[in-house]
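>>> show me the folded form of this:
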Amino acid sequence: MKTLVSGASGFIGGFLAEQLVASGHQVSCLVRKSSSLQYLNSLLVETRPGSLEDPDSLCAAVRDVEVVYHLAGVTAESRSGDFARVNSQGTANLVNACLTAGKKLKKFVYVSSIAAAGPAMDRTPLREEHPPRPLSLYGKSKLAGEEAAAAASHAFSVTIVRPPAVYGPRDRDILTFFKLIHSGIKPILLGGERYFNLIFVKDLVEGIALSASKMEEGCEIYYLSEERPYSWTEVMQTIESALGKRALPLPIPLFLLKTISHATHFISRWTGKSFPLTPDKVAEIEQRYWICDISKARNQLGFTAKTALEGGFFLTAEWYREQGWLSS
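A predicted model of the protein is given here:
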């Protein structure tokens, strides 16, 4: 089957491209001029130049494909309006290109985020039928992308996937915590225990590919995650175990994170450089329950995450060491 993957040069997209090639699909990857091809050069894929902000390039990219996997987007703003410009309008541009030029298109899979739904109110996990309540500009932009995709479901089958926190080899977000614990520091967030679901990247891409095989009419949404949520304490302890380290707990009050985030936000506006800790991100960190129910994906797609956190963190730590991402 002819497929197009946007965001294939990124963390999740690169693993998805590998999964699709291994499954025998004919894979094309939408890449910008600035995209790194480090993990694509060894794959039998075609690269197609294009940008979510250039509708003409998107029409050329989707012209002969049967399935589009849309993962491209931004998770941090270097310029004000990046979220709206790329995640919202960029997704709408790709959807419009599919409607205009995707004459063979049968399926559009949009990889969104749990941030589009917002946090759970309590220990009751989020389900797909719950009304979305995104907190952050990022979450709101992903929800707008979902709406753009769903609006095209009269023309082709649409699936929206909402993963929670994703980790694994090549990921630089959770690397921060591995580095801290490797150096002997274990961050402990004050203000009460927090719970969230996670998923190992290879389990996620299997679920994404599985969701594309269901050619239902209209639009369906699925949470893809490991079955059970984890507490912040469990996650930090599991990183310790994966690294074979015992780190000194460092309590971190939320007001400190807020202060730092406002400072980096100011610097970002002046320099154009994005920082992972923003006021929006702190607003999400404050929430106690980023948890979801995967029963719909299990029942309708036959999806189960094979990798428990302990094994996934061990594999991740091993890869970080092999690549020299953790200092000795």
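>>> run through the stretch 101-250 of the chain and note the low-pLDDT ranges.
Residue ranges of the stretch 101-250 of the chain with pLDDT under 70: none are present.
>>> where along it do the strands fall?
107-111, 157-162, 165-167, 185-189, 195-196, 198-200, 219-223, 230-231, 248-252 (DSSP state E, counting those that start in this stretch).
>>> now render these as a markdown table, adding mean neighbour count.
Every C-beta, even on glycine, is put in place using the N, C-alpha and C of the backbone. Converted to a markdown table, the strands of the stretch 101-250 of the chain look like this (neighbours: other C-beta atoms under 10 Å):
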| stretch | mean neighbour count |
| --- | --- |
| strand 107-111 | 25 |
| strand 157-162 | 24 |
| strand 165-167 | 21 |
| strand 185-189 | 16 |
| strand 195-196 | 21 |
| strand 198-200 | 25 |
| strand 219-223 | 22 |
| strand 230-231 | 16 |
| strand 248-252 | 11 |
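>>> so for L44, which of the ones you listed sits nearest?
When the strands of the stretch 101-250 of the chain are compared by C-beta to C-beta, strand 107-111 sits nearest L44, at 20.9 Å.
>>> that closest one pairs with which strands?
strand 67-70 (parallel), strand 157-162 (parallel) (DSSP bridges).
>>> tabulate those in a markdown table, adding columns for distance to S113.
Formatted as a markdown table, these follow (distance: least, C-beta to C-beta, whole Å):
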| stretch | distance to S113 |
| --- | --- |
| strand 67-70 | 13 |
| strand 157-162 | 6 |
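>>> what's the angle between whatever helix or strand C98 lives in and strand 157-162?
In this structure, C98 sits in helix 89-101 according to DSSP states H and E. Orientation check (axes from the mean of the first three to the mean of the last three C-alpha atoms, to 10 degrees): helix 89-101 against strand 157-162 gives 160 degrees.
>>> what sits up against helix 89-101?
6, 52-55, 58-63, 68, 70, 72-73, 105, 108, 110, 144-145, 148-149, 151-152, 155-156 (C-beta atoms under 8 Å, 6 or more residues apart in numbering).
>>> check contacts around the nearest residue to K103 once chain neighbours are set aside.
Spatial nearest neighbour of K103, excluding adjacent residues (C-beta to C-beta, 6 or more residues apart in numbering): R63 at 7.5 Å. Contacts for R63 (C-beta under 8 Å, 6+ apart) come out as A101, G102, K103.
>>> now the buried members of the contacts of helix 89-101.
In those, burial by neighbour count holds for 6, 52, 54-55, 58-59, 61-63, 68, 70, 72-73, 105, 108, 110, 144-145, 148-149, 152, 156, counting by 16 or more other C-beta atoms under 10 Å.
>>> among those, which are located in helices?
If you go by DSSP state H, the buried ones among the contacts of helix 89-101 have P55, L58, C59, A61, V62, A144, G145, A148, A149 in helices.
>>> OK, contacts around the last one?
Right, the one you point to is A149. A149 sits in contact with H70, T91, V95, F108, Y110, V158, I160, C219, where contact means C-beta under 8 Å, 6+ apart.
>>> with that, I have no additional questions.
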